[in-house]
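**Q** Let's see this in three dimensions:
(one chain, ligands or ions: 1)
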Amino acid sequence: MLNLVLFGPPGSGKGTQSAKLIEKYKLIHLSTGDILRGEIAGQTPLGLEAKKKMDKGELVPDEVVIGMISNKLDANANATGFIFDGFPRTTAQAEALDNLLTKKKTAITVMLSLDVEKQELVNRLLNRGKDSGRADDQNIDVIENRIAVYNKETAVVGDYYKKQNKLQLIHGMGSVDEIFDRLSKAIDKAKN
Ligand code: B4P
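**A** Numbers count the residues shown, from 1 in each chain. Prediction:
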């Protein structure tokens, strides 16, 4: 199986690149952000709870997102691989993911970490906020908080995969196609 973690700060291109990577490598796309936004749209109890956190740019509790990913892995038992987009975001989530994959006799192949300058992140998110309707992309304080939460709670997840020799840093500035090319080269190297 080919199991990828696409990693990086908010606005680094995870969702954008995932859409292209699933097409090329025939992977199942698991985006915790998309799943949570689906729960919000459906006005489920989980969605209503998650919305309070997401509107402030804070992380949703670990047990909630781990449970969501576990359900999705079970629902796709015959998949040939997954792309984890926006997950794991804490060390507890990374450990839980390793345990879930071990039970399925598989593992993460590589973590691809997109490196983008802070001002570019802010510009991209504000730009998306103009027509996406996403509340968390429309307020500069919320965007700043998401980046701060990433630096404080999520960046350490890179070290977790580095210790396993699975971390690949990818230059995340430039056009979508240029970055896709860099990601594809790193994936082709990691899977051989
Ligand atoms: P996510 O949905 O994961 O979203 P994100 O980090 O904001 O953005 P992403 O990185 O996917 O966006 P992209 O660059 O593709 O998280 C939202 C919230 O959900 C979190 O704040 C948190 O509250 C919660 N959450 C999600 N997962 C969680 C977890 N595991 N644990 C706890 N809480 C969790 O796109 C950004 C914009 O940039 C787009 O408009 C795109 O068009 C543009 N863009 C992309 N690449 C570009 C390029 N090369 N040049 C110019 N523009 C580009």
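
**Q** can you list the weak-confidence ranges in the chain?
**A** Counting by pLDDT under 70, the chain shows no low-confidence range.

**Q** near the ligand, which residues of it show up?
**A** Within the chain, the positions near the ligand by CB under 6 Å from any ligand atom are 10-16, 32-33, 36, 53-54, 57-60, 65, 86-87, 89, 93, 124-125, 127-128, 136, 146, 175-176, 179. C-beta: built from backbone N, CA, C; applies to glycine.

**Q** ok, 5 Å please
**A** 10-16, 32-33, 54, 59-60, 65, 86-87, 89, 124, 128, 146, 176 (CB under 5 Å from any ligand atom).

**Q** ranges for the strands of this protein?
**A** Under the criterion DSSP state E, strands of the chain are mapped to 2-7, 28-31, 81-85, 110-115, 167-171.

**Q** who does the fourth one touch, helix- and strand-wise?
**A** With contacts defined as 3 or more CB pairs under 8 Å, 6 or more residues apart in numbering; DSSP states H and E, strand 110-115 has these neighbours: strand 2-7, helix 156-163, strand 167-171, helix 176-191.

**Q** can you check the third one too?
**A** Using 3+ CB pairs under 8 Å, 6+ apart as the contact criterion, the secondary-structure elements in contact with strand 81-85 are strand 2-7, helix 14-25, strand 28-31, helix 32-41.

**Q** The same query, at a cut-off of 6 Å, please.
**A** With contacts taken as 3 or more CB pairs under 6 Å, 6 or more residues apart in numbering; DSSP states H and E, strand 81-85 sits against strand 2-7, helix 14-25, strand 28-31.
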